[in-house]
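*Asks:* Model the structure of this input:
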Amino acid sequence: MSVPHEPEELLTIGEMRRRTGVAASALRYYEELQLIAAVRTGGNQRRYARHMLRRVSLISVAKRLGVPLADVQLAFADVPMDTTPSHADWQRASRRWKAQLQERRRGLERLEAELTGCIGCGCLSLKACALLNPDDALAATGAGPRRLADLREDEGRQDEDRDDEV
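*Replies:* Residues are numbered from 1 along each chain as shown. Predicted coordinates:
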């Protein structure tokens with residue numbers, strides 16, 4: 001039978017590590033990024049509020065899925081760290097994060113389509129692929145994957161057009 005815990009109970013960094021599976025160095029790093037917070041004892045030891053377990057667990061899942069910590073920061077921006085977040089706090093964060101993840105998914109789908117079109121053709125030839133960028137015309141538009149960036153901007157404009165219609 002498990003012993004009930006007080007929500008105000010503070011956990012040591014070792015307890016956080018054991019409960020979340022996250023290294024102490026990562027916990028300190030997350031604290032430095034202000035993804036989580038700790039209070040200090042008189043002996044300058046870190047203590048984490050029990051509700052930080054959820055934040056650390058969500059960070060771990062996000063990292064495992066390749067979500068950048070900057071995106072996690074944005075999703076958690078309005079979730080309080082000094083008090084136990086309410087259901088409404090987590091719902092707002094969830095909606096924000098869902099929108100970010102949907103945009104990320106669209107980007108991955110665009111990349112997949114481009115890879116399928118490029119690699120899937122089987123030409124494996126820069127001469128044949130020059131059909132997509134004859135005479136390196138995209139070089140003048142800037143560095144990086146210009147066609148994918150252009151597709152993202154086009155989709156953003158289409159989304160805005162749909163919003164205007166509603």
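*Asks:* Please name the bridge partners of Tyr48.
*Replies:* Bridge pairing for Tyr48 (DSSP bridges) gives the partners Leu11.
*Asks:* tally of neighbours for it?
*Replies:* Applying other Cβ atoms under 10 Å, we find 24 other residues in the vicinity of Tyr48. C-beta here means a position set from N, CA and C on the backbone, and glycine is covered the same way.
*Asks:* Verify the stated contact: it with Ile13.
*Replies:* Yes: judged on Cβ atoms under 8 Å, Tyr48 makes contact with Ile13 at a distance of 7.2 Å.
*Asks:* Between these two, which contacts overlap?
*Replies:* Both Tyr48 and Ile13 are contacted by Leu27, Ala38, under the criterion Cβ atoms under 8 Å, 6 or more residues apart in numbering.
*Asks:* What ranges does this protein have for its helices?
*Replies:* Counting by DSSP state H, one finds helices in the chain at the ranges 13-20, 24-32, 52-64, 69-76, 87-119, 126-129, 146-165.
*Asks:* Dump those to CSV, plus distance to Ala140 and mean pLDDT.
*Replies:* Formatted as CSV, the helices of the chain follow (distance: least, Cβ to Cβ, whole Å; pLDDT from 0 to 100):
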stretch, distance to Ala140, mean pLDDT
helix 13-20, 49, 96
helix 24-32, 40, 96
helix 52-64, 37, 94
helix 69-76, 30, 92
helix 87-119, 20, 84
helix 126-129, 18, 58
helix 146-165, 9, 55
